[in-house]
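1. need coordinates for the following:
(2 chains)
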Amino acid sequence: MKPRIPQGTRDFTPQQIAKRNYIFEIIKEVYELYGFRPIETPTMELLSTLTGKYGEEGDKLLFKILNNGDFLKDVSPELLAEKKSAAIIPKIAKRGLRYDLTVPFARFVVMNQNALSFPFKRYQIQPVWRADRPQKGRYREFYQCDADVIGSKSLLYEAELIQIIDEVFKRLNIKVTIHINNRKILAGIAEATGIGAEHFVDMTVAIDKLDKIGAEKVMEEMVRRGIAAPKAEQVMGLLEIDSIEQLAAKMDDVGSESGLNGVEKLQTIWRFLEHSPLTNYLKFDIALARGLNYYTGTIFEVTANDVEMGSILGGGRYDDLTGIFGLKNMSGVGISFGAERIYDIMEAGSLFPEGIVHDVQALIVTFDDLALDYGFGILTALRKAGIAADIYPEPVKMKKQMKYANARAIPFVIVIGDNEMKTGELVLKNMETGVQQTLFLEDLLTVLSPSQT
RNA sequence: GUAGCUGUAGCUCAGUUGGUUAGAGCACUGGAUUGUGGUUCCAGGGGUCGGGGGUUCAAAUCCCCUCAGUUACCCCA
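-> Have a look, this model is predicted:
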């Protein structure tokens, strides 16, 4: 049979894992520096935990897990005959794969509330699954790197998260722009232009596309979604505002309470950051809307400056995420790094540093069976001394053994044959320079010991 | 769900208006070279041309169906 993997999934080679771990390690280090602690949640959740949390579209993108055993026993013949899949699903699947890390986190907080102290800061780096149609930079299985604080309304945490974003991209050597807005400002725009609550989502969905499709198309989309043309035009006018001061004046003019509230919140964040300069550019972006999910306050997004690649981080504040699980008044704010896209950017810009792919320090190559026995003893000595090493398992042609060392990018080869066994002096070859030296085992251990290199 | 593009050796891909036995590079195996790789040279193995049907004297090539991958839309990391 032809080997295949499911659509939208990928294998990872050791080299790719090394690079991916490099990104994860930097994110983890910075998260921990800022007091976030790791948690993990199960790969599968009860379907009832997941459904209805991501909108109608989201439900379709959930991977469901077929029940074990006689999964059809609770399905009535009538239901089967009607072929109504949506009605049958809950009867044959009670579990599903996690779709993101935020909803499982909300469930986690509610279930473990007695064991946690609030504000609770957690980070979580795990894969999620979506039954979306894959395309460039989008997969059915991918990692999210989330950090959230739950149980505080303080805007200090927004400031902290911005510092985290800045620090991570500084360490990764990627130049980015951090876009920030507040949904209350968008509500203010709706208020100012008389767009009612029923069209608020239509407005945000449309203006979120401003940088992608341009002003004209955004205007068209709003009208297509049922917003009166003059109102849509007014919205477009407001979107040209690019300073907070200007916006404050405008919101004051129209007397929009929520607009002013949003402005105030942004100003507070800026005040926190006043004396802590950022490396990257923090940009107020009035057109940033981030779709229509659970965000209610601050919203973030990050784009790379030098590469065309969509957003590489998203985040924001949600006032009531745990409410659906029975825990009220828990405001939270969080971010999520898009690890795969960051990987692609770093690959495209050759931003991964040298030497992050770790293999063994030395490979022992041998000329005959006697040397192989002898070499296995040397190998054990190397490993006891803490030196990562391997031996070629058969005394085949030198060329083949050398090629193997090359292919694995092993820096040193230890050659063992009759001469070496007679004298006890081993040949150590530097595979980069080609230089060889003969050394007794003790000296060899010193030269190769990790503290020396 | 809708549309475009692509399926040829293990991998990346050539293959002319349909025409004899379908090719290259890389990888692999053996040899030149009985103690030395990353840079040589020679030879070799490997193919249901995604699958099925049709047109034709003749199909990798043209037509239909189907499967898979991929890109875009919707949505999203």
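2. could you find the closest non-adjacent residue to A:Ala287?
-> A:Leu210 (4.1 Å; C-beta to C-beta, 6 or more residues apart in numbering). In short, each C-beta sits where N, CA and C put it, glycine included.
3. got a list of what the one you found touches?
-> A:Val218, A:Leu239, A:Ala287 (C-beta atoms under 8 Å, 6 or more residues apart in numbering).
4. got it, and A:Arg10?
-> A:Tyr139, A:Glu141 are the contacts of A:Arg10 under C-beta under 8 Å, 6+ apart.
5. which SS state does it fall under?
-> Recorded secondary structure, A:Arg10: coil (DSSP: H, G, I helix; E, B strand; the rest coil).
6. next one: the one 10 residues further on
-> Taken by three-state DSSP, the conformation at A:Arg20 corresponds to helix.
7. for A:Glu141, give the beta-bridge partners.
-> A:Trp129 (DSSP bridges).
8. separation between it and A:Met330?
-> Distance, A:Glu141 to A:Met330, by C-beta to C-beta, to the nearest Å: 30 Å.
9. out of those two, which sits in the busier spot?
-> Neighbour totals were compared for A:Glu141 and A:Met330, and A:Met330 leads with 23 against 17 (other C-beta atoms under 10 Å).
10. apart from its chain neighbours, what residue comes closest to the more buried one?
-> Looking at A:Met330 with C-beta to C-beta, 6+ apart, the closest residue is A:Thr322, at 4.5 Å.
11. wait, doesn't A:Asn173 sit right on A:Phe352?
-> No: contact criterion C-beta atoms under 8 Å: A:Asn173 and A:Phe352 do not qualify, at 9.4 Å.
12. who has more neighbours, these two?
-> A:Phe352 (18 against 11).
13. where does that one land on pLDDT?
-> A:Phe352 is assigned a pLDDT of 86 by the prediction.
14. is it in contact with A:Met346, as I believe?
-> Yes: using C-beta under 8 Å, A:Phe352 is in contact with A:Met346, at 5.5 Å.
15. now do the shared contacts for those two.
-> With C-beta under 8 Å, 6+ apart as the test, A:Phe352 and A:Met346 both reach A:Lys19.
16. burial measure for whichever residue of the stretch 101-250 of chain A sits closest to RNA strand B, as a count.
-> Of all residues in the stretch 101-250 of chain A, A:Gln135 sits closest to RNA strand B, at 3.2 Å by C-beta to the nearest atom of the strand. For A:Gln135, the neighbour count with other C-beta under 10 Å is 8.
17. tell me the pLDDT of it.
-> 82.
18. again, but for A:Thr453
-> At A:Thr453, pLDDT is 51.
19. ok, which stretches of the stretch 351-453 of chain A are helices?
-> Secondary structure of the stretch 351-453 of chain A, counting by DSSP state H, counting those that start in this stretch: helices at A:369-384, A:398-407, A:418-423, A:441-448.
20. does RNA strand B have contacts with the longest one?
-> No: taking C-beta under 7 Å from any atom of the strand as the criterion, helix A:369-384 and RNA strand B are apart, separated by no less than 8.5 Å.
21. that helix vs helix A:441-448, what angle?
-> In terms of direction (axes from the mean of the first three to the mean of the last three C-alpha atoms, to 10 degrees), helix A:369-384 departs from helix A:441-448 by 50 degrees.
22. likewise the second one?
-> Here helix A:398-407 points in a direction 30 degrees away from that of helix A:441-448 (the same axes, to 10 degrees).
23. can I get helix A:398-407 as PDB, trimmed to CA atoms?
-> The C-alpha trace of helix A:398-407 is given here as PDB (Å, rounded to 0.1, in the frame of the first residue of the first chain):
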ATOM      1  CA  MET A 398      35.100   3.100   5.400                       C
ATOM      2  CA  LYS A 399      33.500   5.200   2.700                       C
ATOM      3  CA  LYS A 400      30.000   4.100   3.800                       C
ATOM      4  CA  GLN A 401      30.700   4.700   7.500                       C
ATOM      5  CA  MET A 402      32.200   8.100   6.700                       C
ATOM      6  CA  LYS A 403      29.200   9.100   4.600                       C
ATOM      7  CA  TYR A 404      26.900   8.100   7.400                       C
ATOM      8  CA  ALA A 405      28.800  10.400   9.800                       C
ATOM      9  CA  ASN A 406      28.500  13.200   7.200                       C
ATOM     10  CA  ALA A 407      24.800  12.700   6.600                       C
END
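24. who touches that helix?
-> A:Leu363, A:Val365, A:Thr366, A:Phe367, A:Tyr392, A:Val413, A:Met431.
25. quick check: the gap between the closest residue to the second one other than its chain neighbours and A:Leu448.
-> Okay, so that is A:Val365. Closest residue to A:Val365 apart from its sequence neighbours, by C-beta to C-beta, 6+ apart: A:Gln401 at 4.0 Å. Note on A:Gln401: its distance to A:Leu448, by C-beta to C-beta, is 18 Å.
26. next, format the contacts of A:Leu210 as CSV and append neighbour count and distance to RNA strand B.
-> Putting the contacts of A:Leu210 into CSV (neighbours: other C-beta atoms under 10 Å; distance: C-beta to the nearest atom of the strand, whole Å) gives the following:
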residue, neighbour count, distance to RNA strand B
A:Val218, 24, 11
A:Leu239, 16, 18
A:Ala287, 23, 14
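27. so for A:Ile391, what's the nearest residue that isn't a sequence neighbour?
-> Closest to A:Ile391 by C-beta to C-beta, 6+ apart is A:Ile364, at 4.1 Å.
28. now do the one you found: how many residues are near it, please.
-> For A:Ile364, using other C-beta under 10 Å, the count is 25.
29. same deal with A:Lys64?
-> For A:Lys64, the neighbour count with other C-beta under 10 Å is 19.
30. show me what contacts it?
-> A:Leu47, A:Ile89, A:Ala93, A:Arg95, A:Gly96.
31. can you check A:Val365 too?
-> A:Val365 neighbours (C-beta under 8 Å, 6+ apart): A:Gly375, A:Ile391, A:Tyr392, A:Met398, A:Gln401, A:Met402, A:Ala405, A:Val413, A:Ile414, A:Val415, A:Ile416.
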